[in-house]
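# Attaching a predicted model along with its sequence, questions to come.
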Amino acid sequence: MDLTTTYLGMPLKNPLVPSASPLSESVESIKMLEDAGASAVVMYSLFEEQITLQNQQLDHYLSYKTDSSAEALGYFPDMDLYKIGPEAYLDLISKAKSAVDIPIIGSLNGVSTGGWIQYAKGIEQAGASALELNIYYIPTDIGMTSADVEQMYLNIVKDVKSNVSIPVAVKISPYFSSTANMVAQLAEVGADGLVLFNRFYQPDFDLDNLDVFPHLVLSTPYTFRLPLRWTAILNGRVDADLAITSGVHTYQEVLKGMMAGAKITMVASELLRNGLGRINEIMGNVRRWMEENEYESITQMQGSMSQQNVSEPAAFERANYMKVLNAWRPDPTGHFSISQRLGVPSSKN
């Protein structure tokens, strides 16, 4: 059974890749991921704020009169709490590259070019096989147009691509007014891969202290639906590899991702919840399903259920929306009856 795939030009032994998370913060944990069956590892992200904070003048002004206004920096993390700084990050990539046989993918998280260029080069020189740009931007300025936001993304990718020779993937959000067009533009300016999607963490309100605070919620299988849909829509239409992240918890998501047209599926929340052993368990179940359904390879199924290849392409657009809404009917037992009207097997069966 051939479980191999190719992502960003890299041959991988299987399509399950741990995404950026605390699981890659040491050489030891990266080796454990390899031993657990990971085909590659995306390093945890180096943040733009960590890079710019090395500028002592910026550090001075960020810290100036902090004591007199406790709220001034209350929403900025203490950069000293990050386990390693930018230079140590590069050193970790170098050591990890020497310690394991699987590809190491560096990760930069930010919203401007700035120090990204320097550290993109550094990540390449440290031995990373590829680079993931995690562009996490919330456009809160009402004077900023959608065209301005898109151009910012394009400029970042062009600037980084012009300074490195390793493949570059771009992790984007699903909130563009025209996701398909934006993905096509990113591919045109050089993105070798698109990672769908960046899951923005939403703040919450503390009603006891009347405060706004960050709230981490790990993904669930339901969050997989959005990147699955867009992967199926984009497959074969853009000249870039597609990767699905968020909501990958079982072998079903891996198989569905491949059928939609992804080259890899990325996992983090499932490993944080249930341990690294889940990698081998998931891939073992993928192998068994393929054997039972007479698939010989991962490449055989890739894109087989994309929008271009299914019998009802409209299922990915408004027709699916209308069908779902029209399917609901009250049930005398008090249960929803949507699944029965859509022809979906009951979870009780």
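Yes, it's here.
# Show me what Met266 bridges to in the sheet.
Here Met266 sits in beta bridges with Val17, as judged by DSSP bridges.
# mind listing the helices for the stretch 151-300 of the chain?
Taking DSSP state H, counting those that start in this stretch, the helices of the stretch 151-300 of the chain run over residues 179-188, 225-234, 251-260, 269-274, 278-292, 298-301.
# Output those in TSV, with mean pLDDT and mean neighbour count appended to each entry.
Backbone N, C-alpha and C define where each C-beta goes, glycine included. Below are the helices of the stretch 151-300 of the chain laid out as TSV (pLDDT from 0 to 100; neighbours: other Cβ atoms under 10 Å):
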stretch	mean pLDDT	mean neighbour count
helix 179-188	97	18
helix 225-234	96	22
helix 251-260	98	23
helix 269-274	96	17
helix 278-292	98	17
helix 298-301	97	18
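# need those helices in a markdown table with distance to Ile51, can you?
Shown next, in a markdown table, are the helices of the stretch 151-300 of the chain (distance: least, Cβ to Cβ, whole Å):
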| stretch | distance to Ile51 |
| --- | --- |
| helix 179-188 | 22 |
| helix 225-234 | 28 |
| helix 251-260 | 32 |
| helix 269-274 | 26 |
| helix 278-292 | 31 |
| helix 298-301 | 37 |
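# nearest to Ala315, of those?
When the helices of the stretch 151-300 of the chain are compared by Cβ to Cβ, helix 225-234 sits nearest Ala315, at 9.1 Å.
# quick one: contacts of that closest one?
With contact meaning Cβ atoms under 8 Å, 6 or more residues apart in numbering, helix 225-234 is reached by 174, 179-180, 183, 194, 196-197, 242, 244-247, 253, 256-257, 260-262, 305-307, 310, 316.
# Return the distance of Ile135 relative to Val168.
Distance of Ile135 to Val168, computed by Cβ to Cβ, to the nearest Å: 12 Å.
# Likewise for Asp204?
Counting by Cβ to Cβ - Asp204 and Val168 are separated by 34 Å.
# neighbour-wise, which of these two wins?
More neighbours surround Val168 than the other of Asp204 and Val168, with 24 against 12 (other Cβ atoms under 10 Å).
# got a pLDDT number for that one?
Listed pLDDT for Val168 reads 98.
# quick one, strands of this protein?
In the chain, strands defined by DSSP state E lie at 5-7, 10-12, 16-18, 41-42, 46-47, 104-110, 130-135, 168-172, 193-196, 204-206, 211-213, 241-244, 264-267, listed in chain order.
# would you list these in CSV and tack on distance to Leu228?
What follows is those, written out as CSV (distance: least, Cβ to Cβ, whole Å):
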stretch, distance to Leu228
strand 5-7, 17
strand 10-12, 20
strand 16-18, 15
strand 41-42, 19
strand 46-47, 28
strand 104-110, 22
strand 130-135, 20
strand 168-172, 16
strand 193-196, 9
strand 204-206, 27
strand 211-213, 31
strand 241-244, 7
strand 264-267, 10
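# For Tyr201, the count of nearby residues, please.
Neighbour count of Tyr201, defined by other Cβ under 10 Å: 11.
# my bad, Ser146
Neighbour tally, Ser146, other Cβ under 10 Å: 13.
# Over to Val42?
Counted with other Cβ under 10 Å, Val42 comes out at 31.
# So in the chain, where's the weakest helix or strand by average pLDDT?
helix 56-63 (a mean of 44; mean pLDDT, DSSP states H and E).
# From Asn274, how far out is Gly261?
27 Å.
# contacting residues for Leu250?
Careful, residue 250 is Thr; it's not Leu. Contacts for Thr250 (Cβ under 8 Å, 6+ apart) come out as Pro221, Glu270, Ile282, Asn285.
# Repeat the analysis, applying 7 Å as the threshold.
By Cβ atoms under 7 Å, 6 or more residues apart in numbering, the residues touching Thr250 are Pro221, Ile282.
# for it, phi and psi?
Backbone torsions for Thr250, taken as degrees, to the nearest 10, come to phi -140, psi 180.
# For it, give me the pLDDT.
Reported pLDDT for Thr250: 98.
# again, but for Met322
Note on Met322: pLDDT of 68.
# Also the one 5 residues further on?
With respect to pLDDT, Ala327 scores 69.
# again, but for Asp331
The model's pLDDT for Asp331 equals 65.
# which residues does Lys158 contact?
With the criterion set at Cβ under 7 Å, 6+ apart, Lys158 makes contact with Val189, Gly190.
# mind redoing it with 6 Å?
Shown in contact with Lys158 (Cβ atoms under 6 Å, 6 or more residues apart in numbering): Val189.
# Glu25 and Gly257, how far apart?
Per Cβ to Cβ, Glu25 is found 26 Å from Gly257.
# Pretty sure Val195 sits against Ile244.
No - with contact defined as Cβ atoms under 6 Å, Val195 does not reach Ile244; the gap is 8.0 Å.
# pLDDT at Thr113, what is it?
Confidence score, pLDDT, at Thr113: 66.
# got a list of what Lys171 touches?
Contacts of Lys171 by Cβ under 6 Å, 6+ apart are Glu132, Asn134, Val195, Asn198.
# hmm, 8 Å instead?
Glu132, Leu133, Asn134, Ile135, Val195, Phe197, Asn198, Thr245.
# where does Ala240 sit relative to Ala180, distance-wise?
Using Cβ to Cβ, Ala240 is found at 12 Å from Ala180.
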